[in-house]
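Student: The following comprises the amino acid sequence and a computationally predicted model.
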Amino acid sequence: MKFTLLHSDSATKARVGEFTTDHGTVRTPVFMPVGTAAAMKGIFHRDMVDEAHAQMILANTYHLYLRPGTSILREAGGVHRFCGWERPMLTDSGGFQVFSLAPCRKLKDDGCHFRSHIDGSPHLFTPESVIDTERIIGADIMMAFDECPPGDAPRDYAEKSLALTERWLDRCFERYRSTSPEYGHYQSLFPIVQGCSYPDLRARAAENVLQYDADGYAIGGLAVGEPTYVMYAMIEVVNAILPQDRPRYLMGVGTPVNILEGIARGVDMFDCVMPTRNGRNGQLFTSEGVINIRNKKWENDFSPIDPAGTTFVDRVYTKAYLHHLVVCKEMLAAQIASLHNVGFYVWLTDEARRHIAAGDFASWKETMVEKLSRRL
């Protein structure tokens, strides 16, 4: 996988680049919508391409391992053929899902013993088995298996967790280098930098991953309970060490403001469930601020959801109509809101690229952060 740096902002660490996979080229900064089970909730893959203009999506190893299972995915010829997505795809390793299953899992040096959230059946994830599963899934970018500790973890826990993640990382790369893709297209493996909210641990972790000369690097374990200013500080520590000529992926973050602040600190790739999850609950992100479409104030507002026309939805539906659908509990309400929000996140990163290339990213970002922080 080749990454090319195209533009750098003189006032911030923001940059424009692109990387090429066997399923297509991705322009960065990029937002990757989350399709946990190889599907974006309530959105057709067709609309992800034609209306939201998503370049790349994310699926989750933990969920695909449990359902439909590796035998079905292999028989289908990998996840791209299974779900009909022809563009690039990334798979999370399941480390965050294991973290969220704390009452049902036990961490040991060999791996993570856990019980399925579906039927309670016992399973074991090891670094080797996760790489094998990701090979079978067949995404263009695979993530290494790690432990994602809480953002407020005490120092001794953070140190032990990072040591475990680093031992697992070595085993992940050993397995990766001793195996081959199953479907003829190249797969990258990104290591994940952990270390909680401790700058020295983050720096140590970032230095450690350099030995693998990976195609790209991820920053994990943020937006999991720590204050926002701490998250930004950890990004700065890590990105000061990670190489300039590889993409940097901030995992699971976050709000539109978080994304702009991450871009300003040199992050290239983002994913988050907020666009679809919040959309299903009536929260809409727009270029002027955040809307709760359930509020009665939108009942007779016949203006577009976003006056800037950031998405396909804004050219078709009004706030009044979407408010009506929400009140009536129509399934279409969640679909429209989710498609709008995903399209908005993609628009936001597209605009960031445009302003970085134009040389006015810093001033544009400050204006947008103020707007995006409003509750309308």
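Tutor: Yep, it's here. Residues are numbered from 1 along each chain as shown.
Student: since we're on residue 294, how many residues are nearby?
Tutor: 14 (other CB atoms under 10 Å). C-beta coordinates here come from the backbone N, C-alpha and C atoms, glycine included.
Student: surely it meets residue 323?
Tutor: Yes. If you go by CB atoms under 8 Å, residue 294 and residue 323 touch, sitting 7.2 Å apart.
Student: Skipping its backbone neighbours, what lies nearest residue 318 in space?
Tutor: Excluding the flanking residues, the one nearest residue 318 by CB to CB, 6 or more residues apart in numbering is residue 302, at 4.7 Å.
Student: now do residue 286
Tutor: Per CB to CB, 6+ apart, closest to residue 286 is residue 306, 3.9 Å.
Student: What's the local residue count around that neighbour?
Tutor: Residues within reach of residue 306, counting by other CB under 10 Å, total 22.
Student: show me the contacts for it.
Tutor: Contacts for residue 306 (CB atoms under 8 Å, 6 or more residues apart in numbering) come out as 284, 286-288, 314, 340, 344.
Student: now residue 2
Tutor: Residues in contact with residue 2, defined by CB under 8 Å, 6+ apart, are 19-20.
Student: pLDDT score assigned to it?
Tutor: Looking at residue 2, its pLDDT stands at 92.
Student: Run through the strands of the stretch 151-300 of the chain in chain order.
Tutor: With DSSP state E, counting those that start in this stretch as the criterion, the stretch 151-300 of the chain has strands at 188-190, 192-193, 217-219, 248-250, 269-272, 283-286, 289-292.
Student: Which one, of these, ends up nearest to residue 353?
Tutor: Residue 353 lies closest to strand 269-272 among those, at 12.6 Å (CB to CB).
Student: Who is the spatially most central residue of the chain paired with across the strands?
Tutor: Centroid-nearest residue in the chain: residue 271, 1.9 Å away (criterion: CA atoms, centre = their mean). As for beta bridges, residue 271 partners with residue 32 under DSSP bridges.
Student: My guess is it contacts residue 254. True?
Tutor: No. The pair residue 271 / residue 254 is not scored as a contact, 9.6 Å apart, by CB under 8 Å.
Student: Which among the strands of the stretch 151-300 of the chain is found nearest to residue 310?
Tutor: Of the strands of the stretch 151-300 of the chain, nearest to residue 310 by CB to CB is strand 283-286, at 7.1 Å.
Student: which neighbours does that closest one have in its sheet, and in what orientation?
Tutor: Partner strands and pairing direction for strand 283-286 (DSSP bridges) are strand 289-292 (antiparallel).
Student: Heading C-terminal from the partner strand, find the next helix or strand.
Tutor: Using DSSP states H and E, the helix or strand that directly follows strand 289-292 along the chain is helix 319-327.
Student: List the residues that contact residue 76.
Tutor: Residues counted as contacts of residue 76 (CB under 8 Å, 6+ apart) are residue 82.
Student: Look up how far residue 136 lies from it.
Tutor: Separation of residue 76 from residue 136 (CB to CB, to the nearest Å) stands at 10 Å.
Student: can you check residue 115 too?
Tutor: Counting by CB to CB, the gap from residue 115 to residue 136 is 22 Å.
Student: Compare those two (neighbour count), which wins?
Tutor: Taking other CB under 10 Å, residue 115 and residue 136 do not tie; residue 136 has more neighbours (20 against 15).
Student: quick check, the more buried one in a helix?
Tutor: Yes. Assessed by DSSP: H, G, I helix; E, B strand; the rest coil, residue 136 belongs to a helix.
Student: Might one say that it is in contact with residue 179?
Tutor: No. Between residue 136 and residue 179 no contact is recorded; they are 10.4 Å apart, counting by CB under 8 Å.
Student: re the thing from before, which one of the strands of the stretch 151-300 of the chain lies closest to residue 28?
Tutor: strand 269-272 (6.4 Å).
Student: quick one: contacts of that closest one?
Tutor: By CB under 8 Å, 6+ apart, strand 269-272 touches 28-34, 58, 90, 216, 247-255, 259, 262, 345, 349.
Student: any idea which helix or strand comes after the lowest-mean-pLDDT helix or strand in the chain?
Tutor: For the chain, the helix or strand with the lowest mean confidence is helix 95-100, at a mean of 71 (criterion: mean pLDDT, DSSP states H and E). Using DSSP H and E, the helix or strand that follows helix 95-100 in sequence is strand 105-108.
Student: So what are the sheet partners of the following helix or strand past that next one and their directions?
Tutor: Next along the chain after strand 105-108, taking DSSP H and E as the criterion, comes strand 111-115. Strand 111-115 pairs in its sheet with strand 105-108 (antiparallel), strand 122-125 (antiparallel), by DSSP bridges.
Student: chain center to the last one, what's the gap?
Tutor: Between the centre of strand 122-125 and the centre of its host chain there is 24 Å, according to CA atoms, centre = their mean, to the nearest Å.
Student: just the first one next, same as before
Tutor: A distance of 25 Å separates the centroid of the chain from that of strand 105-108, by CA atoms, centre = their mean.
Student: pLDDT on it, on average?
Tutor: 81.
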